[in-house]
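Participant: I would like the atomic coordinates for the input below:
(one chain, ligands or ions: 2)
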Amino acid sequence: MISLSGVSKRYGDQVALETTDINFETGITSALIGPSGCGKSTILRLTMGLIPPTTGSIKIADELMTPTTAIKLRQKIGYVNQDGGLFPHLTAERNATLMARYLGQTETSFRLRLVELAQLVRFPVDLLARYPLELSGGQRQRVGIMRALMLDPELLLLDEPMGALDPLVRAGLQDDLKSICAKLGKTVILVTHDMAEAAYLAQTIVILNQGAVVQNGTLEDLKSMPASTFVTEFLHSQRGLDLL
Ligand code: ADP
Ligand code: MG
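Facilitator: Residues are numbered from 1 along each chain as shown. Ligands and ions are numbered 1, 2, ... in the order given. So this is what the prediction gives:
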């Protein structure tokens, strides 16, 4: 579904992503995990076509991402960025339906979709008239996910969607996200820095360090056949993982 071939990203002297080859399979949830600054968000931004790669090429469902195709390809992708990215001056409803309105969909068609999505992400419909500041962190994330799913994209890119939530809210949203992913059967890339979360939600885990993929596999693979001492150390640094 998504393939990055020889993709790298530099900002001047700064390497955000070393030359990378990676595929994300259709219908599967993959987690990108690694320390802060290792290039996780860069991979999502490249996949979204928000930034151009320095080298290499990106294909979404066999279509090459170029400045010309990016706008159309982006409509196949739902994206929740690291800070939720809701517009503060728009209500939850307006945020969620922004693209649908922009694309000229009728109020009747996206209204139905909105209610369906509110049920799916368990967001109370009577809160749709609220502004982001009048919602809790967990509710805001749910609106972000509704917005990402509004156009029924084939791909869902989630950049630390649970990063800023307290443990209880986080666990609730993790459960809901798991059932959403199972129900919808979409191709999902989830960025997280929490290995337990990655193992709970994803079928495959990609560990990154300093702009490079260190290992790609299941939690079992990472535990039993760590590709480097970094993988072992990273696993050890994750408290509570022994319980999994
Ligand atoms: P993370 O894994 O925390 O999501 P990012 O992908 O956001 O990391 O960033 C990877 C590296 O690239 C970091 O060192 C970051 O500082 C650098 N970087 C990201 N965006 C820019 C930018 N616009 N200009 C310069 N450096 C950047
Ligand atoms: Mg990031």
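
Participant: For ligand 1, see how far away P132 is.
Facilitator: Noted for P132: a distance of 22 Å to ligand 1, by C-beta to the nearest ligand atom, to the nearest Å. (Glycine included, C-beta is placed from N, CA and C.)

Participant: Determine the set of other helices and strands touching the helix-or-strand element of the chain with minimal mean pLDDT.
Facilitator: Least confident helix or strand, the chain: helix 167-184 with a mean of 85, by mean pLDDT, DSSP states H and E. Helix 167-184 sits against helix 137-149, helix 195-201, with contacts defined as 3 or more C-beta pairs under 8 Å, 6 or more residues apart in numbering; DSSP states H and E.

Participant: Can you say which of the ones you listed is packed in most?
Facilitator: Mean neighbours per residue, mean count of other C-beta atoms under 10 Å, is largest over the helices and strands packed on helix 167-184 for helix 137-149, with a mean of 23.

Participant: other SSEs contacting that one?
Facilitator: Applying 3+ C-beta pairs under 8 Å, 6+ apart, one finds that helix 137-149 contacts strand 77-80, helix 92-102, helix 107-120, strand 155-159, helix 167-184.

Participant: ok so, going back, now what about the least confident helix or strand of the chain, what contacts it?
Facilitator: 29, 120-122, 136-138, 141-142, 145, 149, 156, 158, 161-162, 165, 188, 197, 200-201 (C-beta atoms under 8 Å, 6 or more residues apart in numbering).

Participant: list the buried ones in that helix?
Facilitator: V169, R170, L173, Q174, D176, L177, I180, C181, L184 (16 or more other C-beta atoms under 10 Å).

Participant: Please convert these to a markdown table, extending it with distance to ligand 1.
Facilitator: Below are the buried residues of helix 167-184 laid out as a markdown table (distance: C-beta to the nearest ligand atom, whole Å):
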| residue | distance to ligand 1 |
| --- | --- |
| V169 | 22 |
| R170 | 19 |
| L173 | 20 |
| Q174 | 20 |
| D176 | 24 |
| L177 | 19 |
| I180 | 23 |
| C181 | 21 |
| L184 | 25 |
